[in-house]
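>>> Based on what follows, work out the 3D shape:
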Amino acid sequence: MTTLDLDQLTAVDVHVHVEQDSDGCFSLDRELLDASAAYFKSDEHRTPTLERIAEYYRERRIAAVVFTVDATAGTGHPALSSEEIAEQAARHADVLIPFGSVDPHAGKAAVRQARRLVTEYGVRGFKFHPSLQAFEPNETRFYPLYETIADLGVPALFHTGQTGIGSGLPGGRGIKLRYSDPMLLDDVAADVPELTVILAHPSVPWQDEAISMATHKANVFIDLSGWAPKYFPPQLVRAAGRMLKHKVLFGSDYPLIPPDRWLADFDKLDLPDAARPLILKENAAGVLGL
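Modelled structure (predicted):
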């Protein structure tokens, strides 16, 4: 079996969505997929299969953290199988790193599934999207899930800030942005200090809060996915190159933002040279235990 060789990779992309499974089922209904694609102006290859994702990243010598989002309770749409994603990713272990997703509303069943996904399927972390999954992440009824993830020794990646899902639709299709305020995760990071928390995306309109959290708490990191770097808030660029250079991770949000476009923009940012390899690969290697 092939294995991931960090020395042969140019980067680790910690934020890659699997939107279609091998049976042609999609992660979201058509209206939400179309609204997201329109928001990102992404018309080509919006829903690549895992096989295609592996080929795409192998061609670029980049490793990809791949996941779906189980938002069954929040959207009423059946989730893709994290178990299937993990099994398929294992066949492409030279470039794919599987994360799992569980529906927090499932309670004890979510806890059992999380443990099984790590111990039996080898997932290396978990993805949450509070707005899409319709939950306030600092409600203590979800803490047994976080404590289990911490006990398993893997990170939890949370969507924060604005989302393109539901964008432009009446009422945003009922998706509430406030669930993705990163300050809700400050409670989680404080109350479960053994849990590694990754704040996904520039957390606009709460960017300063995210920077403050990552500065204050050793277990909080930021991924830079979901925005082309030329649009990053200036305070995020300053922090990424200096005080948070060991806390920031490359993520693209593929297939909505291709890594080629992200990396081309990243090359033009005003960053110290010493920060670039940390952001592109070394920080992720540490967080993921590669």
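>>> Please identify the helix or strand for Val12.
Assigned by DSSP states H and E, Val12 falls within strand 11-17.
>>> Off-centre distance for whatever helix or strand comes next after that strand?
Next helix or strand after strand 11-17 toward the C-terminus (DSSP H and E): helix 30-40. Its chain's C-alpha centre and that of helix 30-40 lie 18 Å apart, by Cα atoms, centre = their mean, to the nearest Å.
>>> avg pLDDT for helix 30-40?
Across helix 30-40, the average pLDDT comes to 75.
>>> ditto for stretch 79-94
96.
>>> Name the surrounding residues that touch it.
Stretch 79-94 is contacted by residues 1-5, 18, 20-22, 25-27, 50-51, 54, 58, 66-72, 96-103, 113, 117, 121-123 when judged by Cβ atoms under 8 Å, 6 or more residues apart in numbering. C-beta here means a position set from N, CA and C on the backbone, and glycine is covered the same way.
>>> Keep only those of these that are in strands.
Counting by DSSP state E, the part of the contacts of stretch 79-94 found in strands is Val66, Phe67, Leu96, Ile97, Pro98.
>>> Go through these and give me the one with the most neighbours.
Highest neighbour count within the ones in strands among the contacts of stretch 79-94, by other Cβ atoms under 10 Å: Phe67, with 29 neighbours.
>>> Name all residues that make contact with that one.
Counting by Cβ under 8 Å, 6+ apart, Phe67 touches Val16, His17, Val18, Ser82, Ile85, Pro98, Phe99, Gly100, Ser101, Phe126, Lys127, Leu157.
>>> Rebuild the residues you listed as CSV, extending it with distance to Asp151.
Putting these into CSV (distance: Cβ to Cβ, whole Å) gives the following:
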residue, distance to Asp151
Val16, 26
His17, 27
Val18, 26
Ser82, 18
Ile85, 22
Pro98, 19
Phe99, 17
Gly100, 15
Ser101, 18
Phe126, 13
Lys127, 18
Leu157, 17
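>>> ok, of those residues, which one's closest to Gly226?
Nearest to Gly226, judged by Cβ to Cβ, of the contacts of Phe67 is His17 at 10.4 Å.
>>> Give me the neighbour count for that closest one.
His17: 23 surrounding residues under other Cβ under 10 Å.
>>> That one bridge partners, please.
Beta-bridge partners for His17, by DSSP bridges, are Phe67.
>>> correct me, but it touches Ser27?
Yes. Counting by Cβ atoms under 8 Å, His17 touches Ser27, with 7.3 Å between them.
>>> intersection of neighbour lists for these two?
Thr68, Val69.
>>> picking up where we left off before, need the buried ones from the contacts of stretch 79-94 selected in PyMOL.
Those of those that count as buried under 16 or more other Cβ atoms under 10 Å are selected in PyMOL with:
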select buried, resi 4+18+20+21+26+27+50+54+58+66+67+68+69+70+71+96+97+98+99+100+101+102+103+113+117+121+123
